[in-house]
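Q: Sharing a sequence plus its predicted fold:
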Amino acid sequence: MRKGQISIDLLFAVTIISITVMGIMSVALNEKVESETFGTAAQLRLLSIDVRDTMARVYVAGPGMVAVKTSPLKLNDGEWINITAYQNGSLVVRAFIGGREYTVVQRLQVSPGVTSSVMLTKGNETFRIEAVKAGERVEVLLR
Amino acid sequence: MRCCSGRGQTAIEMMLIFGIMLAGLVVVLSSVSSTSSGTTLAYAARTSGSYACSYLQNGVVVNDTVYDPLNRLIEDNNYSPVQCRLLSVRVVESTSGYEVTLTFEYSGPDAGTFKTGVEEFVVLKMARYSGFELSDGVLLYRGSPVRVKVVVE
């Protein structure tokens, strides 16, 4: 077999393989950005569940109980996470991360009694969940 | 004289062989290209479909035009996760284009809204991959129209 013949066979094979692979590759590369978005969304959901459960636990523990939480995501300049617990019993986590806005809503297991909210930004990623006595009732606050 | 005519003959034979090889290559490449289209299409549809379910199960609303149809489903469901699962993807190629059928397992309320929402999302999502484009609401893949159909089981 001559050398030239081998190389042209190889060339044909490589061309045919690369046509198939490139089609799949283009789709796979597009997926990278999407999976990052999905990862952020999943972490925000976890944060919302964590806050919801912690609020219930703090409420049960009674006035004076304080839980300190930290954002699971590293925030860069201009990115923020806003956590709001509404008096009507819904917890809303809004975030602006990587140029996209995210919203998660959770139903609280206990009534917080009052609407409170925290804003997490770069360098300010810690917040507290507190139970305070308000007359006869216990209120759960985010601050 | 004898040497030169012989050499010319070899050159012509070589050209003939190369011609046959190139013609063969054209035939093979066109069939490979069409098989590859089907593979890419099925891959894109499967990725978009399973992503739709992951997104719905996560229940987090992302502010982006692609996710609008799914966001409506999540909002209709009171921001709670929507349970669904992608069962199968089928791509049928015909002269008038491609038909992609995605089968989902979904047991929640209002299967009709779910169907249209996911259908819209898959079209918008696939349009973002290279080779696909959206013109007047019709999804095109390398110029031929792709019809996306969602079946709920």
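A: Received it, and whenever you're ready, just let me know what you need. Because the structure is predicted, anything quoted here is derived from the model rather than measured.
Q: quick one: contacts for the one residue sitting closest to the centre of chain A?
A: For chain A, the residue nearest the mean C-alpha position is A:Leu44 (2.3 Å; CA atoms, centre = their mean). Contact analysis of A:Leu44 by CB atoms under 8 Å, 6 or more residues apart in numbering or on different chains lists A:73, A:81, A:93, A:95, A:102, A:104, B:60. Where C-beta positions appear, they are placed from N, C-alpha and C, glycine not excepted.
Q: Quickly check: the helix or strand of chain B with the lowest mean pLDDT near chain A or not.
A: In chain B, the helix or strand scored least confidently by mean pLDDT, DSSP states H and E is helix B:2-58, which has a mean of 83. Yes - interface with chain A: helix B:2-58 contributes B:21, B:25, B:28-29, B:32-33, B:35-37, B:39-40, B:43-44, B:47, B:51, B:54-55, B:58 (CB under 8 Å from any CB of the partner chain).
Q: Tell me, how many residues neighbour A:Ala41?
A: Residues contacting A:Ala41 under the criterion other CB atoms under 10 Å in any protein chain shown number 24.
Q: Give me the secondary structure label for it.
A: helix (DSSP: H, G, I helix; E, B strand; the rest coil).
Q: correct me, but it touches B:Asn58?
A: Yes - counting by CB atoms under 8 Å, A:Ala41 touches B:Asn58, with 5.4 Å between them.
Q: residues from chain A in reach of chain B?
A: Chain A comes close to chain B at residues A:8, A:12, A:15-16, A:19-20, A:23-24, A:26-27, A:30-31, A:34, A:37-38, A:41-42, A:44-45, A:100-107, as judged by CB under 8 Å from any CB.
Q: Could you write me a PyMOL select line covering just the buried ones among those?
A: Selection command for PyMOL covering only the buried members of the residues of chain A next to chain B, criterion 16 or more other CB atoms under 10 Å in any protein chain shown:
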select buried, chain A and resi 16+23+26+27+34+37+38+41+44+45+102+103+104+105+106
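Q: In helices only, show me the residues of chain A next to chain B.
A: With helices taken from DSSP state H, the overlap with the residues of chain A next to chain B comprises A:8, A:12, A:15-16, A:19-20, A:23-24, A:26-27, A:30-31, A:34, A:37-38, A:41-42, A:44-45.
Q: What score does the closest residue to A:Met55 other than its chain neighbours have for pLDDT?
A: Nearest-residue entry for A:Met55: A:Val140, 5.0 Å, with adjacent residues in sequence omitted and distances by CB to CB, 6 or more residues apart in numbering or on different chains. Looking at A:Val140, its pLDDT reads 89.
Q: Just the C-alphas of the strand or helix carrying A:Val140, formatted as CSV.
A: If you go by DSSP states H and E, A:Val140 is part of strand A:137-142. Taking Å, rounded to 0.1, in the frame of the first residue of the first chain, the C-alpha atoms of strand A:137-142 are listed here in CSV:
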residue,chain,number,x,y,z
ARG,A,137,-47.5,36.8,69.8
VAL,A,138,-44.1,35.7,68.5
GLU,A,139,-42.9,37.4,65.4
VAL,A,140,-40.1,36.0,63.1
LEU,A,141,-37.9,38.6,61.5
LEU,A,142,-35.3,38.7,58.8
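Q: any residues touching that strand, and which ones?
A: By CB under 8 Å, 6+ apart, strand A:137-142 touches A:51, A:55, A:58-59, A:62-63, A:83-85, A:110, A:112-114, A:116-118, A:127-133.
Q: Partner strands of it, with direction?
A: The sheet places strand A:137-142 alongside strand A:126-134 (antiparallel), with pairing taken from DSSP bridges.
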